[in-house]
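Novice: What would the 3D arrangement of this be:
(one chain, ligands or ions: 2)
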Amino acid sequence: MVTMNRNRVVIVGTGQVGATAAFGIVTHGLCNELVLIDHFGAKALGEAHDLDDGSEFQDRHVKVRTGDYSDCKDADIVVITVGRKPPANSTRLAELGFTVGLVGEVVANVMASGFNGVIVMVSNPVDVMAWYAWKRSGLPRTQVLGTGTALDTSRLKTIIGEETGLDPRNVGGFVMGEHGDSQFAAWSTVSLGGKPFARFLADNQDRFASVSTAEIEAKTRMRGNEIVAAKGGTNFGIASTVAGIVQTILWDERRIVPVSTLLDGEYGEHDVFLGVPTELRANGANEIVELELTEEEHAKLHHSAELVRSYCQGLL
Ligand SMILES: NC(=O)C1=CN([C@@H]2O[C@H](COP(=O)(O)OP(=O)(O)OC[C@H]3O[C@@H](n4cnc5c(N)ncnc54)[C@H](O)[C@@H]3O)[C@@H](O)[C@H]2O)C=CC1
Ligand SMILES: CC(=O)C(=O)O
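Specialist: Numbering: from 1, shown residues only. Ligands and ions are numbered 1, 2, ... in the order given. The predicted model follows:
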(Lines give C-alpha, C1' and ligand atoms only; values in the text may rest on other atoms or scores of the structure.)
(Ligands and ions follow the chains in the order given, each with its own letter.)
Protein backbone atom coordinates (compact mmCIF):
# COMPACT_ATOMS: atom_id res chain seq x y z
CA MET A 1 0.00 0.00 0.00
CA VAL A 2 1.17 3.50 -0.73
CA THR A 3 1.76 5.18 2.59
CA MET A 4 1.89 8.68 3.94
CA ASN A 5 4.42 7.76 6.60
CA ARG A 6 7.06 10.20 5.37
CA ASN A 7 9.21 7.54 6.79
CA ARG A 8 11.70 6.34 4.24
CA VAL A 9 13.05 7.52 0.91
CA VAL A 10 15.61 5.41 -0.98
CA ILE A 11 17.96 6.88 -3.57
CA VAL A 12 19.57 4.41 -5.97
CA GLY A 13 22.67 5.94 -7.57
CA THR A 14 24.73 8.23 -5.37
CA GLY A 15 26.71 10.02 -8.05
CA GLN A 16 26.56 13.75 -8.62
CA VAL A 17 22.77 13.88 -9.03
CA GLY A 18 21.84 11.32 -6.36
CA ALA A 19 24.12 12.81 -3.69
CA THR A 20 22.91 16.36 -4.34
CA ALA A 21 19.26 15.23 -4.33
CA ALA A 22 20.00 13.56 -0.99
CA PHE A 23 21.33 16.85 0.34
CA GLY A 24 18.12 18.59 -0.78
CA ILE A 25 15.99 16.01 1.01
CA VAL A 26 18.09 16.29 4.18
CA THR A 27 18.18 20.10 4.27
CA HIS A 28 14.39 20.23 3.85
CA GLY A 29 13.89 17.50 6.49
CA LEU A 30 11.44 15.71 4.21
CA CYS A 31 11.43 12.22 5.74
CA ASN A 32 12.66 10.30 8.78
CA GLU A 33 15.14 8.06 7.04
CA LEU A 34 17.06 8.34 3.78
CA VAL A 35 18.71 5.18 2.46
CA LEU A 36 21.45 5.38 -0.17
CA ILE A 37 22.28 2.53 -2.55
CA ASP A 38 25.03 2.50 -5.16
CA HIS A 39 26.93 -0.32 -6.78
CA PHE A 40 30.04 1.41 -5.41
CA GLY A 41 29.17 0.77 -1.77
CA ALA A 42 32.05 2.89 -0.49
CA LYS A 43 30.76 5.93 -2.38
CA ALA A 44 27.27 5.51 -0.89
CA LEU A 45 28.76 5.10 2.59
CA GLY A 46 30.91 8.20 2.22
CA GLU A 47 27.95 10.27 1.06
CA ALA A 48 25.75 8.93 3.90
CA HIS A 49 28.30 9.81 6.58
CA ASP A 50 29.02 13.20 5.05
CA LEU A 51 25.30 14.04 4.86
CA ASP A 52 24.61 12.85 8.41
CA ASP A 53 27.56 14.79 9.79
CA GLY A 54 25.63 18.06 9.45
CA SER A 55 22.82 16.80 11.72
CA GLU A 56 23.59 19.33 14.45
CA PHE A 57 22.80 22.17 12.06
CA GLN A 58 19.76 20.80 10.23
CA ASP A 59 16.22 21.94 11.13
CA ARG A 60 15.12 18.35 11.43
CA HIS A 61 17.16 15.19 11.67
CA VAL A 62 16.87 12.90 8.69
CA LYS A 63 18.79 9.73 9.46
CA VAL A 64 20.97 8.93 6.44
CA ARG A 65 22.42 5.46 5.99
CA THR A 66 23.45 3.02 3.29
CA GLY A 67 21.36 -0.01 2.63
CA ASP A 68 20.37 -2.65 0.13
CA TYR A 69 17.31 -3.41 -1.93
CA SER A 70 15.49 -5.03 1.02
CA ASP A 71 15.17 -1.44 2.35
CA CYS A 72 12.85 -0.65 -0.55
CA LYS A 73 10.12 -2.93 0.84
CA ASP A 74 8.76 -0.31 3.22
CA ALA A 75 9.95 2.78 1.38
CA ASP A 76 7.47 5.48 0.40
CA ILE A 77 9.56 6.63 -2.57
CA VAL A 78 12.49 5.21 -4.53
CA VAL A 79 14.41 7.79 -6.56
CA ILE A 80 16.47 6.28 -9.42
CA THR A 81 19.51 8.28 -10.57
CA VAL A 82 21.77 5.54 -11.91
CA GLY A 83 23.68 6.26 -15.10
CA ARG A 84 26.69 8.37 -15.86
CA LYS A 85 27.53 12.04 -16.06
CA PRO A 86 26.07 13.38 -19.32
CA PRO A 87 28.70 13.50 -22.08
CA ALA A 88 29.23 16.96 -23.62
CA ASN A 89 27.70 17.70 -27.05
CA SER A 90 25.31 14.77 -26.83
CA THR A 91 21.58 14.26 -26.28
CA ARG A 92 19.64 12.62 -23.47
CA LEU A 93 18.21 10.09 -25.93
CA ALA A 94 21.75 9.01 -26.82
CA GLU A 95 22.14 7.83 -23.20
CA LEU A 96 19.55 5.09 -23.70
CA GLY A 97 22.02 2.34 -24.58
CA PHE A 98 24.10 3.08 -21.48
CA THR A 99 21.21 3.49 -19.05
CA VAL A 100 18.58 0.93 -19.99
CA GLY A 101 20.39 -2.13 -18.62
CA LEU A 102 21.16 -0.37 -15.33
CA VAL A 103 17.59 0.82 -14.86
CA GLY A 104 16.22 -2.63 -15.74
CA GLU A 105 18.43 -4.23 -13.09
CA VAL A 106 17.53 -1.61 -10.48
CA VAL A 107 13.77 -1.87 -11.08
CA ALA A 108 13.93 -5.68 -10.88
CA ASN A 109 15.77 -5.46 -7.53
CA VAL A 110 13.41 -2.80 -6.16
CA MET A 111 10.31 -4.83 -7.09
CA ALA A 112 11.79 -8.08 -5.71
CA SER A 113 11.77 -6.40 -2.28
CA GLY A 114 7.97 -6.13 -2.33
CA PHE A 115 8.09 -2.36 -2.91
CA ASN A 116 4.70 -0.72 -3.41
CA GLY A 117 5.48 3.00 -3.20
CA VAL A 118 6.28 5.59 -5.85
CA ILE A 119 9.25 5.40 -8.23
CA VAL A 120 10.69 8.79 -9.23
CA MET A 121 12.87 8.31 -12.31
CA VAL A 122 15.69 10.76 -12.96
CA SER A 123 18.04 8.73 -15.20
CA ASN A 124 18.13 9.86 -18.83
CA PRO A 125 16.49 9.62 -21.23
CA VAL A 126 13.98 10.17 -18.43
CA ASP A 127 10.71 9.83 -20.39
CA VAL A 128 11.81 6.54 -21.97
CA MET A 129 13.19 5.28 -18.64
CA ALA A 130 9.99 6.15 -16.74
CA TRP A 131 7.90 4.27 -19.33
CA TYR A 132 10.33 1.32 -19.13
CA ALA A 133 10.24 1.28 -15.31
CA TRP A 134 6.44 1.40 -15.40
CA LYS A 135 6.29 -1.56 -17.79
CA ARG A 136 8.95 -3.57 -15.97
CA SER A 137 7.61 -2.90 -12.47
CA GLY A 138 3.96 -3.75 -13.07
CA LEU A 139 3.05 -0.86 -10.75
CA PRO A 140 -0.06 1.25 -11.44
CA ARG A 141 0.62 4.32 -13.63
CA THR A 142 0.21 6.62 -10.62
CA GLN A 143 3.21 5.00 -8.92
CA VAL A 144 5.85 5.58 -11.61
CA LEU A 145 6.81 9.02 -12.80
CA GLY A 146 9.81 10.83 -14.19
CA THR A 147 11.06 14.31 -13.39
CA GLY A 148 9.91 15.20 -16.91
CA THR A 149 9.89 18.88 -17.83
CA ALA A 150 9.71 20.05 -14.20
CA LEU A 151 13.37 21.14 -14.38
CA ASP A 152 12.90 22.72 -17.83
CA THR A 153 9.86 24.62 -16.55
CA SER A 154 11.90 25.92 -13.62
CA ARG A 155 14.67 26.89 -16.07
CA LEU A 156 12.17 28.77 -18.27
CA LYS A 157 10.95 30.72 -15.24
CA THR A 158 14.52 31.42 -14.11
CA ILE A 159 15.49 32.70 -17.56
CA ILE A 160 12.39 34.90 -17.79
CA GLY A 161 13.47 36.26 -14.39
CA GLU A 162 16.96 36.93 -15.74
CA GLU A 163 15.61 38.68 -18.86
CA THR A 164 13.05 40.84 -17.08
CA GLY A 165 14.79 41.40 -13.76
CA LEU A 166 11.69 40.08 -11.97
CA ASP A 167 11.44 37.23 -9.47
CA PRO A 168 11.04 33.96 -11.45
CA ARG A 169 8.30 32.92 -9.04
CA ASN A 170 6.06 35.55 -10.69
CA VAL A 171 5.97 33.34 -13.78
CA GLY A 172 3.29 30.71 -14.43
CA GLY A 173 3.10 28.13 -17.20
CA PHE A 174 4.88 25.08 -18.50
CA VAL A 175 7.56 23.59 -20.68
CA MET A 176 6.03 20.37 -22.01
CA GLY A 177 6.90 17.22 -23.93
CA GLU A 178 10.20 15.38 -23.89
CA HIS A 179 12.91 16.28 -21.35
CA GLY A 180 15.18 16.73 -24.33
CA ASP A 181 15.61 18.60 -27.57
CA SER A 182 11.97 18.26 -28.70
CA GLN A 183 10.61 19.99 -25.58
CA PHE A 184 8.70 23.22 -26.12
CA ALA A 185 7.60 26.20 -24.07
CA ALA A 186 3.80 26.19 -24.19
CA TRP A 187 3.66 29.97 -24.52
CA SER A 188 -0.14 30.00 -24.51
CA THR A 189 0.13 28.89 -20.84
CA VAL A 190 2.92 31.27 -19.77
CA SER A 191 1.97 34.29 -17.69
CA LEU A 192 3.79 36.91 -15.64
CA GLY A 193 2.01 38.49 -12.71
CA GLY A 194 -1.18 36.81 -13.94
CA LYS A 195 -0.99 38.41 -17.42
CA PRO A 196 -0.34 36.34 -20.57
CA PHE A 197 3.40 36.74 -21.15
CA ALA A 198 3.11 38.10 -24.73
CA ARG A 199 0.63 40.70 -23.47
CA PHE A 200 2.90 41.57 -20.55
CA LEU A 201 5.79 42.24 -22.98
CA ALA A 202 3.57 44.25 -25.36
CA ASP A 203 2.23 46.38 -22.49
CA ASN A 204 5.76 47.08 -21.22
CA GLN A 205 7.60 47.72 -24.50
CA ASP A 206 9.64 50.54 -22.96
CA ARG A 207 11.24 48.16 -20.43
CA PHE A 208 11.28 44.85 -22.29
CA ALA A 209 11.71 45.67 -26.01
CA SER A 210 14.79 43.45 -26.20
CA VAL A 211 13.12 40.42 -24.59
CA SER A 212 12.42 37.67 -27.14
CA THR A 213 10.32 34.57 -26.45
CA ALA A 214 12.22 32.65 -29.15
CA GLU A 215 15.51 33.41 -27.41
CA ILE A 216 14.14 32.51 -23.99
CA GLU A 217 12.88 29.19 -25.33
CA ALA A 218 16.20 28.41 -27.03
CA LYS A 219 18.13 29.28 -23.86
CA THR A 220 15.83 27.03 -21.83
CA ARG A 221 16.37 24.12 -24.22
CA MET A 222 20.15 24.60 -24.21
CA ARG A 223 20.61 25.35 -20.51
CA GLY A 224 21.39 21.77 -19.46
CA ASN A 225 23.92 21.34 -22.30
CA GLU A 226 25.63 24.60 -21.42
CA ILE A 227 25.99 23.58 -17.78
CA VAL A 228 27.31 20.15 -18.83
CA ALA A 229 29.89 21.84 -21.08
CA ALA A 230 30.90 24.20 -18.26
CA LYS A 231 31.12 21.79 -15.31
CA GLY A 232 30.71 18.23 -16.57
CA GLY A 233 27.13 17.62 -15.45
CA THR A 234 24.14 19.21 -13.78
CA ASN A 235 23.16 18.55 -10.19
CA PHE A 236 21.72 21.48 -8.23
CA GLY A 237 18.73 22.25 -10.48
CA ILE A 238 17.72 18.60 -10.74
CA ALA A 239 18.33 18.07 -7.02
CA SER A 240 15.93 20.91 -6.12
CA THR A 241 13.44 19.45 -8.60
CA VAL A 242 13.69 15.98 -7.06
CA ALA A 243 13.36 17.37 -3.52
CA GLY A 244 10.30 19.38 -4.62
CA ILE A 245 8.65 16.33 -6.18
CA VAL A 246 9.49 14.14 -3.15
CA GLN A 247 8.06 16.81 -0.84
CA THR A 248 4.79 17.20 -2.71
CA ILE A 249 4.26 13.41 -2.80
CA LEU A 250 5.35 12.64 0.78
CA TRP A 251 3.36 15.51 2.20
CA ASP A 252 0.36 14.96 -0.11
CA GLU A 253 0.60 18.61 -1.15
CA ARG A 254 -1.34 18.13 -4.41
CA ARG A 255 0.84 20.53 -6.35
CA ILE A 256 0.55 20.47 -10.13
CA VAL A 257 4.01 19.71 -11.55
CA PRO A 258 4.99 18.84 -15.16
CA VAL A 259 6.36 15.42 -14.33
CA SER A 260 6.71 12.69 -16.92
CA THR A 261 3.62 10.56 -16.66
CA LEU A 262 1.68 8.06 -18.77
CA LEU A 263 -0.56 9.62 -21.41
CA ASP A 264 -3.53 7.32 -21.86
CA GLY A 265 -5.73 9.33 -24.19
CA GLU A 266 -4.87 12.74 -22.72
CA TYR A 267 -3.77 15.16 -25.45
CA GLY A 268 -4.72 12.39 -27.94
CA GLU A 269 -1.62 10.33 -27.04
CA HIS A 270 -1.29 6.76 -25.81
CA ASP A 271 1.40 4.56 -24.29
CA VAL A 272 3.98 7.29 -23.83
CA PHE A 273 5.43 9.16 -20.85
CA LEU A 274 5.87 12.92 -21.37
CA GLY A 275 6.16 16.04 -19.25
CA VAL A 276 2.63 17.40 -18.76
CA PRO A 277 1.10 19.25 -15.79
CA THR A 278 0.06 16.57 -13.32
CA GLU A 279 -1.48 16.66 -9.86
CA LEU A 280 0.88 14.96 -7.42
CA ARG A 281 -0.58 13.30 -4.35
CA ALA A 282 0.62 10.80 -1.75
CA ASN A 283 0.05 7.97 -4.24
CA GLY A 284 2.04 9.71 -6.99
CA ALA A 285 0.88 11.06 -10.36
CA ASN A 286 -2.87 11.63 -10.51
CA GLU A 287 -4.97 13.84 -12.82
CA ILE A 288 -3.25 15.26 -15.88
CA VAL A 289 -4.30 18.84 -16.57
CA GLU A 290 -5.38 19.01 -20.22
CA LEU A 291 -4.55 22.54 -21.23
CA GLU A 292 -6.05 24.31 -24.21
CA LEU A 293 -2.91 24.26 -26.32
CA THR A 294 -2.70 26.00 -29.68
CA GLU A 295 -2.58 23.83 -32.80
CA GLU A 296 1.14 24.48 -33.11
CA GLU A 297 1.74 23.45 -29.48
CA HIS A 298 -0.33 20.29 -30.00
CA ALA A 299 1.81 19.43 -33.02
CA LYS A 300 4.98 19.90 -30.93
CA LEU A 301 3.63 17.64 -28.18
CA HIS A 302 2.73 15.03 -30.79
CA HIS A 303 6.24 15.26 -32.24
CA SER A 304 7.73 14.64 -28.77
CA ALA A 305 5.34 11.70 -28.28
CA GLU A 306 6.31 10.08 -31.60
CA LEU A 307 10.00 10.54 -30.84
CA VAL A 308 9.86 9.13 -27.30
CA ARG A 309 7.64 6.22 -28.42
CA SER A 310 10.11 5.36 -31.16
CA TYR A 311 12.89 5.01 -28.54
CA CYS A 312 10.66 2.77 -26.37
CA GLN A 313 10.06 0.35 -29.21
CA GLY A 314 11.87 -2.94 -28.80
CA LEU A 315 13.00 -2.30 -25.20
CA LEU A 316 10.78 -4.95 -23.58
N1 LIG B 1 16.05 14.06 -15.48
C2 LIG B 1 16.85 15.11 -15.41
O3 LIG B 1 16.40 16.26 -15.51
C4 LIG B 1 18.32 14.88 -15.19
C5 LIG B 1 18.83 13.62 -15.34
N6 LIG B 1 20.17 13.38 -15.14
C7 LIG B 1 20.63 12.01 -15.32
O8 LIG B 1 20.95 11.44 -14.05
C9 LIG B 1 21.83 10.33 -14.25
C10 LIG B 1 23.00 10.39 -13.26
O11 LIG B 1 23.82 11.50 -13.54
P12 LIG B 1 25.08 11.82 -12.58
O13 LIG B 1 24.69 11.66 -11.17
O14 LIG B 1 25.65 13.09 -13.05
O15 LIG B 1 26.07 10.62 -12.96
P16 LIG B 1 27.23 10.02 -12.00
O17 LIG B 1 28.12 9.25 -12.90
O18 LIG B 1 27.81 11.08 -11.16
O19 LIG B 1 26.43 9.03 -11.03
C20 LIG B 1 25.85 7.84 -11.45
C21 LIG B 1 25.87 6.90 -10.28
O22 LIG B 1 25.10 5.73 -10.62
C23 LIG B 1 25.76 4.63 -10.02
N24 LIG B 1 25.31 3.39 -10.68
C25 LIG B 1 25.46 3.04 -11.96
N26 LIG B 1 24.89 1.85 -12.19
C27 LIG B 1 24.35 1.45 -11.02
C28 LIG B 1 23.60 0.32 -10.61
N29 LIG B 1 23.28 -0.66 -11.48
N30 LIG B 1 23.19 0.25 -9.33
C31 LIG B 1 23.50 1.22 -8.45
N32 LIG B 1 24.20 2.32 -8.78
C33 LIG B 1 24.61 2.44 -10.04
C34 LIG B 1 27.25 4.92 -10.23
O35 LIG B 1 28.06 4.14 -9.38
C36 LIG B 1 27.28 6.40 -9.92
O37 LIG B 1 27.53 6.64 -8.54
C38 LIG B 1 22.25 10.40 -15.72
O39 LIG B 1 21.44 9.50 -16.47
C40 LIG B 1 21.91 11.83 -16.11
O41 LIG B 1 21.71 12.02 -17.48
C42 LIG B 1 21.03 14.38 -14.77
C43 LIG B 1 20.55 15.66 -14.59
C44 LIG B 1 19.17 16.03 -14.83
C1 LIG C 1 21.39 16.56 -17.76
C2 LIG C 1 20.00 16.96 -17.90
O3 LIG C 1 19.16 16.22 -18.34
C4 LIG C 1 19.64 18.30 -17.52
O5 LIG C 1 20.32 18.95 -16.71
O6 LIG C 1 18.63 18.80 -18.04
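
Novice: what's the burial count for Arg309?
Specialist: Residues within reach of Arg309, counting by other C-beta atoms under 10 Å, total 18. Using the backbone N, CA and C atoms, a C-beta is placed for each residue, glycine as well.

Novice: swap in Arg60?
Specialist: For Arg60, the neighbour count with other C-beta under 10 Å is 12.

Novice: residues from the stretch 1-150 of the chain in reach of ligand 2?
Specialist: 86, 92, 124 (C-beta under 6 Å from any ligand atom).

Novice: Hmm, which of those residues is lowest in pLDDT?
Specialist: Lowest pLDDT among these: Pro86, with 89.

Novice: In which helix or strand does Phe23 reside?
Specialist: Secondary structure from DSSP states H and E places Phe23 in helix 16-27.

Novice: Which other helices and strands does whichever helix or strand comes after that helix contact?
Specialist: Later in the chain than helix 16-27, the nearest helix or strand by DSSP H and E is strand 33-37. Applying 3 or more C-beta pairs under 8 Å, 6 or more residues apart in numbering; DSSP states H and E, one finds that strand 33-37 contacts strand 8-12, helix 16-27, helix 41-52, strand 63-66.

Novice: Strand 33-37 pairs with which strands, parallel or anti?
Specialist: Using DSSP bridges, the strands paired with strand 33-37 in its sheet are strand 8-12 (parallel), strand 63-66 (parallel).

Novice: Identify whichever of those lies nearest to ligand 1.
Specialist: strand 8-12 (5.4 Å; C-beta to the nearest ligand atom).

Novice: what residues does that closest one touch?
Specialist: 18, 21-22, 25, 30-38, 67, 71-72, 74-82, 106, 110, 246, 250 (C-beta atoms under 8 Å, 6 or more residues apart in numbering).

Novice: what about it, near ligand 1?
Specialist: Yes: counting by C-beta under 6 Å from any ligand atom, ligand 1 is contacted by strand 8-12 at Val12.

Novice: Confirm that Leu139 sits in a helix.
Specialist: No: Leu139 sits outside any helix when classified using DSSP: H, G, I helix; E, B strand; the rest coil, being coil.

Novice: Surely it is in contact with Gly114?
Specialist: No: using C-beta atoms under 8 Å as the test, Leu139 is too far from Gly114 to be in contact (12.0 Å).

Novice: what's the neighbour count on Val257?
Specialist: Neighbour count for Val257, taken as other C-beta under 10 Å: 26.

Novice: Per-residue pLDDT of it, please?
Specialist: 98.

Novice: For it, what are phi and psi?
Specialist: Per-residue torsions, Val257: phi -130, psi 140 (degrees, to the nearest 10).

Novice: Could you report the separation of it from Ile288?
Specialist: For Val257, the distance to Ile288 equals 11 Å [C-beta to C-beta, to the nearest Å].

Novice: tell me, what's touching the two both at once?
Specialist: Residues touching both Val257 and Ile288 by C-beta under 8 Å, 6+ apart: 277-278.

Novice: In contact with Ala198, which residues are there?
Specialist: 187, 213.

Novice: Work out for me the element it sits within.
Specialist: Using DSSP H and E, Ala198 falls within helix 197-203.
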